[in-house]
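Okay, predicted coordinates and the sequence, questions at the end:
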Amino acid sequence: MLADKPIHYYLKTSAICLTIIAAGVVTAFLVYTKALLIPLVISIFLYTILAQMTLYLKHRFSFPSWLALTVSILLGVLFFTAVILFTTSSVGDFLKGGEVYRQNLIATITDLSARLEPHGIKLDQTFLENYLRELPVFDWLRNMGGKLFSVVSNITLIILFMTFFLFGSKRAKPITNPAIKEMLSNVSVYLSVKLIASLITGLIAAAILLGFQVKLAALFALFVFLLNFIPSVGSMIAVLLPIPVLFLQYGFGTKFFVVLGLLAATEFIIGNLLEPRFLGEGMDLHPVTIVASLIFWTLVWGVPGAFLSVPITASVKIVLSKIKHTRIVAEFLAGRLPY
């Protein structure tokens, strides 16, 4: 019996070392293949939303399958087209008023310099004004053009993958594996609730920003909608993003703080009170796990990884829970420590 103990510890240590090596290999694979994997994973999650919408139309309105799928696709296309048109119009209006914002910023710096001078703090006002007049706006726009090309190429890949999924789903056999069924069900519910909550948050933010005639209102509302998919930090970033434009328009006046307060209240009520109520137990992930997965997937896949961190981690947890030797890891991710 005593002779068996060293062998047991050796096998356990070997298993841990092999697991660490395998995790490193998988992480390297995810990093080097992200150009292909990111559009693939996004298309899978979009397909689950589309499938959920199609099922809803079939059961709620008794649509035939082909009509439900067509309506779902058209609604998705109309939504993204409207977002692109509103964003383009908003950016165009903002650029037209660029010189006005530059003058407002120069006036603010002049006022700040006058207030600090009696306290013995002197700002090089001439240097700051010259820098503001020579801001490389066109260079920034060219860099944005390069990033836009990358986004368009990724969207093209997503559309191609979605096309294969849509046509392949008609010939594919029904899924019978319980782990896959549970994974798709959880991800579908999470994405559907998150999509509706994000859409409501974005519409309320748009109403607030348009009501106060904030420049780039449509663009900021779009960011609110998108950033709501990022757990924990997304809502904070969405509230902080409009601050520079609000400052250029209103300074540190009453409207500045009212708009920020309304945006923060909207994010808090929907994100912390309404969303958890409809998600229930959600993805059965501990808050620390959610933050850790956000950090990991952001380091591996950048911004797309931040958006996909929760559904990917929840899917991995479900797979781990179905395997006997990795069930303890799944329980750990859910925050249930073994005794």
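Yep, that arrived.

rest of the way, CA atoms for contacts and neighbours
Will do.

Break the chain down into its domains, please.
Following automatic domain parsing, one finds the domains of the chain at 29-96+136-169, 190-281, 283-339.

what are the ranges of the helices in the stretch 201-339 of the chain?
For the stretch 201-339 of the chain, the helices defined by DSSP state H, counting those that start in this stretch cover 217-227, 234-240, 243-250, 254-268, 275-279, 287-301, 303-321, 327-333.

could you list every residue that touches residue 211?
If you count contacts by CA atoms under 8 Å, 6 or more residues apart in numbering, residue 211 has none.

I'd like to know how far it sits from residue 273.
In this view, residue 211 and residue 273 are 25 Å apart by CA to CA, to the nearest Å.

Give me the buried positions along stretch 241-248.
If you call a residue buried by 16 or more other CA atoms under 10 Å, then stretch 241-248 has these buried ones: 242-243, 245-248.

so where's the stretch 51-200 of the chain uncertain?
Filtered on pLDDT under 70, the stretch 51-200 of the chain yields the residue ranges 83-84, 86-106, 112, 123-153, 167-177, 179.

Now with 90, please.
51-199 (pLDDT under 90).

residue ranges of the helices in it, please?
For the stretch 51-200 of the chain, helices defined by DSSP H, counting those that start in this stretch occupy the ranges 65-96, 98-116, 125-133, 137-169, 178-211.

Tell me the confidence at residue 29?
As summarised for this prediction, residue 29 has a pLDDT of 90.

List the residues that contact it.
Counting by CA under 8 Å, 6+ apart, there are no residues that residue 29 touches.

repeat that for 10 Å
The contact partners of residue 29, by CA atoms under 10 Å, 6 or more residues apart in numbering, come to 23, 37, 300.

Next: residue 180.
Taking CA under 10 Å, 6+ apart as the criterion, residue 180 is in contact with 186, 315, 318-319.

what do you get if the cut-off is 6 Å, keeping everything else the same?
Contacts here follow CA atoms under 6 Å, 6 or more residues apart in numbering; on that basis residue 180 touches nothing.

how many degrees apart are the one helix or strand residue 49 maps to and helix 287-301 in direction?
Per DSSP states H and E, residue 49 falls inside helix 34-61. With axes from the mean of the first three to the mean of the last three CA atoms, to 10 degrees defining the directions, helix 34-61 sits at 130 degrees from helix 287-301.

Against which helices or strands is helix 34-61 packed?
Applying 3 or more CA pairs under 6 Å, 6 or more residues apart in numbering; DSSP states H and E, we find helix 34-61 packed against helix 65-96, helix 137-169.

top of the contacts of residue 29 by neighbour count?
Highest neighbour count within those: residue 300, with 19 neighbours (other CA atoms under 10 Å).

in stretch 267-278, what counts as buried?
By 16+ other CA under 10 Å, the buried positions in stretch 267-278 come out as 267, 270-271, 275.

Farthest pair within those residues?
Pairwise distances across the buried residues of stretch 267-278 peak at 10.4 Å for 267 and 275 (criterion: CA to CA).

Mutual contacts of those two, please.
In contact with both residue 267 and residue 275: no residue, using CA under 6 Å, 6+ apart.

And residue 292, how far from residue 199?
The gap separating residue 292 from residue 199 is 26 Å, by CA to CA.

Look at these two and report which has more neighbours.
Taking other CA under 10 Å, residue 292 and residue 199 do not tie; residue 199 has more neighbours (18 against 14).

Leaving aside the residues adjacent along the chain, what's closest to the more buried one?
residue 225 (5.8 Å; CA to CA, 6 or more residues apart in numbering).

measure the one you found to residue 208 for me?
Separation of residue 225 from residue 208 (CA to CA) stands at 14 Å.

Residue 296 too?
For residue 296 relative to residue 208 (CA to CA), the value is 34 Å.

which of those two has more neighbours?
Using other CA under 10 Å as the criterion, residue 296 and residue 208 rank with residue 208 on top: 20 against 16.

Return the per-residue confidence for the more buried one.
Note on residue 208: pLDDT of 92.

my guess is residue 306 contacts residue 295, does it?
No. Using CA atoms under 6 Å, residue 306 makes no contact with residue 295, being 7.6 Å away.

So if I had to pick from those two, which one is more boxed in?
Neighbours per residue (other CA under 10 Å) separate residue 306 from residue 295, with residue 306 holding more: 23 against 15.

Just give me the neighbour total for the residue nearest to that one when sequence neighbours are not counted.
Counting by CA to CA, 6+ apart, residue 306 lies nearest to residue 298, which is 4.9 Å off, once chain neighbours are set aside. Neighbours of residue 298 under the rule other CA under 10 Å: 17.

same thing with residue 204?
When neighbours are defined as other CA under 10 Å, residue 204 has 18 of them.

Return the distance of the residue lying closest to residue 217 once chain neighbours are set aside relative to residue 333.
Once flanking residues are discounted, residue 217 sits nearest to residue 209: 5.3 Å by CA to CA, 6+ apart. Residue 209 sits 39 Å away from residue 333, going by CA to CA.

Likewise for residue 257?
Distance, residue 257 to residue 333, by CA to CA: 39 Å.
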